[in-house]
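Undergrad: Here you go, sequence then predicted model.
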Amino acid sequence: MRAWGGERVSEAVESCAALLRTALDRDWAAVNAGRVEWSCHTTAFHIAEDLIAYAANLAGRAQDDYVPFEITLDEGTGNADLVHVIEATGALLAAAVRTAPREARGFHPYPFRSANREGFAAMGIAEILAHTHDIAEGLGLPYEPPAALPEFVLTQIFPHVQPGPDYWRTFLWATGRGELPGRAPVTEWRWHNNLVIPADRLTLQGITPAAARDLVAGGDGGFEWTEGGPFDGTREASSFLLKAYEGGVHRPEFGVFALVRREDGRAVGGMGFHGVPDEEGRTEIGYDLVESARGNGYATEALRALSQWALARDDVRTIFATIDRDNLPSQAVVTRAGFRKVSDDEEGLAYELGR
C-alpha cells in the first residue's frame, strides 16, 4: 500500500486555503465558526496550531506529552497571512509524514497514547476538514473537500464508524457536524489510532480498515513483509475485519494485528480475534506466520503478549483456539503460551487460557 499520508495532508491544506481565500475581505474575528465557540479567525489559527504540534510530535518522536512549545501570530496578522501560516504548518506536517520511518511513533493521548505517520496525517487532515467546514459554515460559504480526504481519515482513525452513503457526510456525522439517516446524532466523539502491543522481539500493530482493504486486494497493507509474506491467513482475517467495519460492528481492539520484528521493522505474520467476547467473556484467537519466519518462537511470543493484554480487560475471561489435529507446530505454540487442551472432536483440538 502506497504511503499516501503526506500527499493527503497537502491536498487538505490546499482545499482549506482555497476556501479561505474566497473570503479574505471578511472580518473573521467578528464571526463565530459554525457550531464552535471560537471566531473564524481563532479557528483558522487553531488549524495551524494542530498541524505544527502534530509535525513536532512525529518528527521529535515525543513519548509522554506534546513537545512543549506554542506558536503565536504577530500582532495585526491579516487573513491572507493567516492562510500562509496554515500552508506553512501544513507543509511541515506533510514533510514530517513523508520522511518519518514506517515504524516511527509519537505521542497522542487518544486512545492508546501514540500514533504512527499515517495516524498523524489523518489527525491533521481531520482537523483541517472539520474546522474548514466550521469556518465555511460561519461565513455562509459552501465547502466540500475531495472525497479521498474524508475516506483517508475514516479508514485510518475512525475504524469504529460504519461507512455511510458517502465519506464526507459520514465524517461530518462522526464529528458531530451533520446528520445521517437512521443514525442518532453524535454529541461526543474521539478518533482511534491503531493499538500497538509490545512484546520482546515484536510489536503487535493493529491493522486499520485502510490496511485491511489493501491486504484483501493483494497489497502489503503498508507493512514491509519478510520473504513470502503476507501469508494467506492474514489476508483472510483482513477480509473478516473489512466486513465487520463495513457492517458497523468492528471493534479495533478485537481485530487483527500484524506481527512486526523490532530489529528490522519487517512483518512476519498476523494474529487476532475472531470476534468480540461473548456474554461469558470468551473470545477466539487465531494466527499465522510467514514460512520464512517460522521456528523462531515469534508466534508463541506474540500469543503470550496478546493473551495477557486481553485477559487484563474486564470483558475477557477466557481465550480459546481451535487447531487441526495434524498441525503439531500450532499445538506446540498454544501449549508453550500456557493454553491447555479442553476438547478433541471432529472440528479439531480446542485449547483455552483463562484468568
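TA: Good, I have the coordinates. Residues are numbered from 1 along each chain as shown.

Undergrad: Would you pull up how far the lengthiest helix in the chain lies from the middle of the chain?
TA: If each helix of the chain is counted by residues according to DSSP state H, the longest one is helix 117-139. Computed by CA atoms, centre = their mean, to the nearest Å, the chain-centroid distance of helix 117-139 equals 16 Å.

Undergrad: got the CA coordinates for it in CSV?
TA: C-alpha atoms of helix 117-139 as CSV (Å, rounded to 0.1, in the frame of the first residue of the first chain):
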residue,chain,number,x,y,z
ARG,A,117,2.8,8.6,10.5
GLU,A,118,-0.5,7.7,8.9
GLY,A,119,-2.2,8.4,12.2
PHE,A,120,-0.7,11.9,12.4
ALA,A,121,-1.5,12.6,8.8
ALA,A,122,-5.1,11.5,9.4
MET,A,123,-5.4,13.6,12.6
GLY,A,124,-4.1,16.6,10.8
ILE,A,125,-6.5,16.2,7.9
ALA,A,126,-9.4,15.6,10.3
GLU,A,127,-8.6,19.0,12.0
ILE,A,128,-8.4,20.7,8.6
LEU,A,129,-11.6,19.3,7.3
ALA,A,130,-13.6,19.8,10.4
HIS,A,131,-12.6,23.3,11.1
THR,A,132,-12.6,24.5,7.5
HIS,A,133,-16.2,23.3,7.5
ASP,A,134,-16.8,25.3,10.7
ILE,A,135,-15.4,28.4,9.1
ALA,A,136,-17.3,27.9,5.9
GLU,A,137,-20.5,27.5,7.9
GLY,A,138,-19.8,30.6,9.9
LEU,A,139,-19.1,32.7,6.8
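
Undergrad: Give the other helices and strands that that helix contacts.
TA: Other elements packing on helix 117-139 under the criterion 3 or more CB pairs under 8 Å, 6 or more residues apart in numbering; DSSP states H and E are helix 5-20, helix 40-59, helix 79-99, helix 148-157, helix 167-174. Yep, even glycine has a C-beta here, placed from its N, CA and C like the rest.

Undergrad: which secondary element of this structure has the worst mean pLDDT?
TA: One helix or strand of the chain scores below all others by mean pLDDT, DSSP states H and E: strand 340-345, with a mean of 92.

Undergrad: export that strand as CSV, just CAs?
TA: Provided in CSV are the C-alpha atoms of strand 340-345 (Å, rounded to 0.1, in the frame of the first residue of the first chain):
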residue,chain,number,x,y,z
ARG,A,340,-4.5,-26.2,27.9
LYS,A,341,-6.4,-28.7,25.7
VAL,A,342,-10.0,-28.9,26.7
SER,A,343,-11.6,-30.9,23.9
ASP,A,344,-11.0,-33.1,20.9
ASP,A,345,-13.7,-33.6,18.3
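
Undergrad: mind listing what that strand pairs with, with the direction of each?
TA: strand 348-354 (antiparallel) (DSSP bridges).

Undergrad: can you pull the buried residues of the strand it pairs with?
TA: For strand 348-354, burial by neighbour count (16 or more other CB atoms under 10 Å) applies to 348, 349, 350, 351, 352, 353.

Undergrad: what would those look like in CSV with distance to residue 267 and pLDDT?
TA: Output for the buried residues of strand 348-354, formatted as CSV (distance: CB to CB, whole Å; pLDDT from 0 to 100):
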residue, distance to residue 267, pLDDT
348, 27, 88
349, 27, 95
350, 28, 95
351, 25, 97
352, 28, 97
353, 24, 98
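
Undergrad: got these as TSV, with distance to residue 245 columns?
TA: Listed next are the buried residues of strand 348-354 as TSV, based on distance: CB to CB, whole Å:
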residue	distance to residue 245
348	28
349	31
350	28
351	28
352	28
353	27
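
Undergrad: does residue 309 sit in a helix, a strand or a coil?
TA: helix (DSSP: H, G, I helix; E, B strand; the rest coil).

Undergrad: What separation is there between it and residue 316?
TA: Distance of residue 309 to residue 316, computed by CB to CB, to the nearest Å: 9 Å.

Undergrad: Residue 38 and residue 44 touch, don't they?
TA: No - look at residue 38 against residue 44 with CB atoms under 8 Å: they stay out of range, at 9.2 Å.

Undergrad: In terms of packing, which of residue 309 and residue 316 has more residues around it?
TA: Between residue 309 and residue 316, residue 316 has the larger neighbour count (other CB atoms under 10 Å), namely 20 against 17.

Undergrad: OK, contacts around that one?
TA: For residue 316, the contacting residues are 277, 281, 283, 310, by CB atoms under 8 Å, 6 or more residues apart in numbering.

Undergrad: So what sits opposite residue 286 in the bridge?
TA: residue 272.

Undergrad: list the contacts for it?
TA: Contacts of residue 286 by CB under 8 Å, 6+ apart are 233, 237, 271, 272, 273, 274, 321.

Undergrad: and the residues you listed, which are buried?
TA: If we count by 16+ other CB under 10 Å, the contacts of residue 286 have these buried: 233, 237, 271, 272, 273, 321.

Undergrad: any chance of the residues you listed in a markdown table, plus distance to residue 225 and pLDDT?
TA: Listed next are the buried ones among the contacts of residue 286 as a markdown table, based on distance: CB to CB, whole Å; pLDDT from 0 to 100:
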| residue | distance to residue 225 | pLDDT |
| --- | --- | --- |
| 233 | 13 | 94 |
| 237 | 15 | 97 |
| 271 | 15 | 98 |
| 272 | 16 | 97 |
| 273 | 22 | 97 |
| 321 | 24 | 97 |
